[in-house]
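Asker: Give me coordinates for this.
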Amino acid sequence: LHIALAYPNFIHQVLSQSGAFLTKTAKEIKQQSTLASLRVYLSVGLSETAVPTHKGTMDLLKRNREIYQLLKTKQAQICYVEKAGDHTWGLWQNDLPDALRYFFR
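Answerer: All right, here's what the predicted structure looks like:
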C-alpha cells in the first residue's frame, strides 16, 4: 500500500492480507486528494486482535477497519473482507483465490 501511495502513476492495485498498518499509513492516506484510481483487496482475520509484532502487540482487525474506512473516503475501489481466523498462513492461503478473483474478473 505504501508503494502505491508513493507511486500512484505506476501502482494501481494492492492485495493486502492481515496488513499491520501503522499510524503513518493512515496519515499518508489522509494526505491524498483522491485514490479513485487505486484498486485494493483488503482482508483480515476476525481473531487478529492481539498480534505480536516487532512494534509490539497490535490489533490488526481494528487497524484494517480504520484503513478500509479511510480508503473509502478517498474513493478507492475496495473489496474489504473479514474472515474467521488469525494471523497465519492458513487464513491467507484460503483467502488467496478470492483475492485473485477480485483482480482477474
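Asker: surely L38 meets I29?
Answerer: No. Between L38 and I29 there is no contact under C-beta atoms under 8 Å: 9.9 Å. Any C-beta I mention is one placed from the backbone N, CA and C, and that applies to glycine too.
Asker: Overlap in contacts, those two.
Answerer: Residues touching both L38 and I29 (C-beta atoms under 8 Å, 6 or more residues apart in numbering) are L71.
Asker: Output the longest helix seen in the chain as CSV, restricted to C-alpha atoms.
Answerer: Counting by DSSP state H, the longest helix found in the chain is helix 89-104. Once non-C-alpha atoms are left out, helix 89-104 reads as follows in CSV (Å, rounded to 0.1, in the frame of the first residue of the first chain):
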residue,chain,number,x,y,z
TRP,A,89,-0.6,-18.7,6.5
GLY,A,90,-3.8,-20.9,6.6
LEU,A,91,-6.0,-17.8,6.6
TRP,A,92,-4.1,-16.2,3.8
GLN,A,93,-3.8,-19.3,1.7
ASN,A,94,-7.6,-19.9,1.9
ASP,A,95,-8.3,-16.2,1.1
LEU,A,96,-5.9,-16.0,-1.9
PRO,A,97,-8.3,-17.4,-4.5
ASP,A,98,-10.9,-14.8,-3.6
ALA,A,99,-8.3,-12.1,-3.7
LEU,A,100,-7.0,-13.1,-7.1
ARG,A,101,-10.5,-13.4,-8.5
TYR,A,102,-11.1,-9.8,-7.4
PHE,A,103,-8.3,-8.6,-9.7
PHE,A,104,-8.8,-11.0,-12.6
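Asker: which outside residues touch that helix?
Answerer: Identification of contacts with helix 89-104 by C-beta under 8 Å, 6+ apart yields Q13, L15, Q17, S18, R39, Y41, S43, G45, C79, V81, K83, G85.
Asker: Restricted to strands, list these.
Answerer: If you go by DSSP state E, the contacts of helix 89-104 have Q13, L15, Q17, R39, Y41, S43, G45, C79, V81, K83 in strands.
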